[in-house]
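Novice: what would the 3D arrangement of this be:
(one chain, ligands or ions: 2)
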Amino acid sequence: MAPKKIIIDCDPGIDDALAITLAHGSPALEILGITTVGGNVNLAYTTGNALRLREFLGFPGVPVTAGSAGALMRTPVDAAEVHGELGLGGARLPEATLPPREGHAADFIIETLRAAPGEVTLVAIGPLTNVALALLKEPRIVDWAREFAILGGSYTRGNFSPAAEFNIAADPEAAAIVFGAGWTVTMIGLDVSRQALAVGSVVDRMREMGRLGTELLLPCVEFYGMVTADEGPAVHDACAIAYLIDPTLVAVKPAVVRVETAGRYTSGMTVTDFNLADRPPNALVGTSLDVPRFWDLVLKVYEDVAHRIG
Ligand code: RIB
Ligand code: CA
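Specialist: Numbering: from 1, shown residues only. Ligands and ions are numbered 1, 2, ... in the order given. Below is the predicted model of the structure:
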């Protein structure tokens with residue numbers, strides 16, 4: 001079967017880096033482009049990290065296009081305390097030698113989807129500002145995209161606040177535009193990704209992965225959270241990519257999702273109603289992850305990438 005063509009909009013970011021590694025290594029996916037947004041760290045760093053990852057992992061021909069530095073209407077927030085000041089935890093990849101593509105991420109998204117209507121999947125694993133701008137500029141992308149998935153939101157509790165997940169909370173207005181655009185958003189939220197813990201047995205496998213392990217995976221994961229036999233950091237973004245590789249890994253349910261933009265304590269909450277009551281769903285919401293098969297897939301792909309880069 002031909003690989004699924006994807007655009008990854010991201011804010012690398014530790015788990016973004018793990019997700020990009022998975023997407024690059026999987027024969028089921030073909031990355032047409034990476035677009036970057038300010039989020040975990042500022043746009044200069046998220047873009048620089050995407051450029052470093054592109055060369056370290058070995059896909060220099062894939063364009064990296066920078067997008068929005070901050071939210072549509074809000075003061076920028078970041079998660080440097082979680083991802084490190086440079087954004088990749090303890091990883092210090094070699095400087096990139098190739099520049100980003102000229103132009104704005106929103107235009108790259110529009111033009112790539114326009115050029116191949118119905119063929120390209122858009123996946124956003126950072127704040128949704130670039131996707132919202134693309135929608136505002138060219139609403140027809142909802143018809144051109146083969147599929148649209150995000151890592152973001154939660155129908156239970158948040159992580160940025162008790163109510164809101166970081167990617168949504170960073171730009172609630174953008175998320176409201178995205179969920180109200182008329183397409184179906186596959187929302188892989190914290191309810192799924194909190195199950196994807198890099199516990200001790202996972203990290204032990206990463207130790208056997210040569211340069212990929214020592215220069216990227218381990219300095220990322222071990223910075224991201226405490227690792228014990230039963231606990232570890234949740235590799236959130238990788239869940240969205242794993243879903244695109246094998247949708248059977250995630251159970252999804254149709255829902256009506258609305259984004260709170262006015263709440264004093266709930267701004268950025270993805271208010272998820274599984275009771276459709278004859279309303280058309282605007283989202284497929286992830287409810288559970290097949291954890292053993294998730295890690296089987298991820299670690300097998302990582303071993304393949306490790307073999308390629310030596
Ligand atoms: O809440 C998790 C999400 O926020 C992930 O995309 C992580 O990279 C951060 O951006
Ligand atoms: Ca991210």
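Novice: residues in the chain within reach of ligand 2, list them.
Specialist: Within the chain, the positions near ligand 2 by C-beta under 5 Å from the ion are 11, 13, 16, 125, 126, 237. C-beta: built from backbone N, CA, C; applies to glycine.
Novice: can you report phi and psi for residue 203?
Specialist: Dihedral pair for residue 203: phi -60, psi -40, per degrees, to the nearest 10.
Novice: apart from its neighbours in sequence, what residue is nearest it?
Specialist: In this structure, residue 203 finds its nearest non-sequential neighbour in residue 227, 5.1 Å apart by C-beta to C-beta, 6 or more residues apart in numbering.
Novice: who touches the residue of the stretch 201-310 of the chain at minimum distance from ligand 2 in this structure?
Specialist: Closest to ligand 2 within the stretch 201-310 of the chain is residue 237: 4.8 Å, counting by C-beta to the ion. Shown in contact with residue 237 (C-beta atoms under 8 Å, 6 or more residues apart in numbering): 10, 13, 15, 16, 18, 19, 125, 151, 193.
Novice: what do you get if the cut-off is 6 Å, keeping everything else the same?
Specialist: Each residue near residue 237 by C-beta atoms under 6 Å, 6 or more residues apart in numbering is listed here: 15, 16, 19, 125, 151.
Novice: can the strand or helix carrying the second one be found next to ligand 1?
Specialist: Read that as residue 16. Using DSSP states H and E, residue 16 sits in helix 14-25. Yes. Interface with ligand 1: helix 14-25 contributes 15, 16 (C-beta under 6 Å from any ligand atom).
Novice: now do that helix: which elements does it pack against?
Specialist: helix 43-57, helix 218-224, helix 236-245, helix 291-309 (3 or more C-beta pairs under 6 Å, 6 or more residues apart in numbering; DSSP states H and E).
Novice: highest average neighbour count across these?
Specialist: Each of the helices and strands packed on helix 14-25 was scored by mean neighbour count; the highest is helix 236-245, a mean of 28, by mean count of other C-beta atoms under 10 Å.
Novice: indicate whether it makes contact with ligand 1.
Specialist: Yes. Against ligand 1, helix 236-245 shows contacts by C-beta under 6 Å from any ligand atom at 236, 237.
Novice: mind checking the pLDDT average for that helix?
Specialist: Mean pLDDT, helix 236-245: 98.
Novice: and that helix with helix 14-25, angle?
Specialist: Counting by axes from the mean of the first three to the mean of the last three C-alpha atoms, to 10 degrees, helix 236-245 lies at 30 degrees to helix 14-25.
Novice: so what are the sheet partners of the following helix or strand past helix 236-245 and their directions?
Specialist: Later in the chain than helix 236-245, the nearest helix or strand by DSSP H and E is strand 250-259. Strand pairing for strand 250-259, using DSSP bridges, gives strand 270-273 (antiparallel), strand 283-289 (antiparallel).
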